[in-house]
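[1] 3D, please:
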Amino acid sequence: MRIFFVAFFFLLLYLKNVEAIILITVILLILDYKRMVKRSKRVVVSIFLFNLGVSVGYVLMGYIKGFNPWGYVLYINLKVFLMTYFVFWFFENVNVIEFFSFSKDLSYLMTMTLSQIFSYKKTFEDFRMAFKARVVSIRDKEKDFIANTFKFFFKKAMNDSKERALAMRARGFFDSEK
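    Sure thing, here's the model as predicted:
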């Protein structure tokens with residue numbers, strides 16, 4: 001099963017033809033018809049700003065340089081949608097820890113990574129809930145909240161990275177003589 005997912009991912013990366021991307025997108029959406037609409041909405045929301053920025057920039061460059069940008073804009077937007085849809089689908093259907101279980105080191109790294117993600121997510125949710133509970137006029141203090149939260153997570157990430165590096169060195173992940 002691992003080989004299928006990896007091969008399919010690299011097939012998606014390799015696709016250069018708009019018609020092939022449309023065909024694969026339609027097939028993937030048909031195979032996933034039960035969750036298609038909900039997942040497609042999540043994908044569009046997550047890639048909208050990136051795709052909008054790239055598309056507008058490419059269209060403007062096309063008009064300035066005098067070439068037709070629409071084929072490439074369609075291609076890149078469909079490819080980003082397809083890749084993002086596949087990633088969402090993959091993480092909803094595959095246990096990532098089991099996927100990397102063939103390697104003790106990768107399994108360990110994945111466990112550490114996921115524990116960091118869930119820890120940071122919970123801390124952020126706690127901050128957000130505390131902010132909502134304590135602030136009457138949210139708009140006035142929102143910039144301060146964002147700045148302070150960013151500073152906190154930046155410092156936390158720096159400290160955590162040092163601790164993780166020491167823990168990984170103790171488990172033999174790095175050459176200890178350097």
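[2] where do the helices sit along this structure?
    Along the chain, counting by DSSP state H, helices occupy 2-14, 18-31, 36-65, 70-93, 96-99, 104-134, 138-170.
[3] now the first one: buried residues?
    Taking 16 or more other Cβ atoms under 10 Å as the neighbour-count basis, helix 2-14 is seen to contain the buried residues Leu12. C-beta: built from backbone N, CA, C; applies to glycine.
[4] before we move on, the earlier item: let's have the helices of the chain in TSV, adding mean pLDDT.
    TSV is the format used below for those (pLDDT from 0 to 100):
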stretch	mean pLDDT
helix 2-14	78
helix 18-31	81
helix 36-65	91
helix 70-93	87
helix 96-99	83
helix 104-134	86
helix 138-170	84
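[5] what's the most buried one of these?
    helix 70-93 (a mean of 16; mean count of other Cβ atoms under 10 Å).
[6] packing partners for that helix?
    helix 2-14, helix 18-31, helix 36-65 (3 or more Cβ pairs under 8 Å, 6 or more residues apart in numbering; DSSP states H and E).
[7] okay, those in CSV with distance to Ala157 next?
    As requested, the helices and strands packed on helix 70-93 are exported to CSV (distance: least, Cβ to Cβ, whole Å):
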stretch, distance to Ala157
helix 2-14, 28
helix 18-31, 35
helix 36-65, 22
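[8] do you know which of those lies nearest Ala170?
    helix 2-14 (29.4 Å; Cβ to Cβ).
[9] run the chain-centre distance for that closest one.
    Relative to its chain's centre, helix 2-14 lies at 17 Å (Cα atoms, centre = their mean, to the nearest Å).
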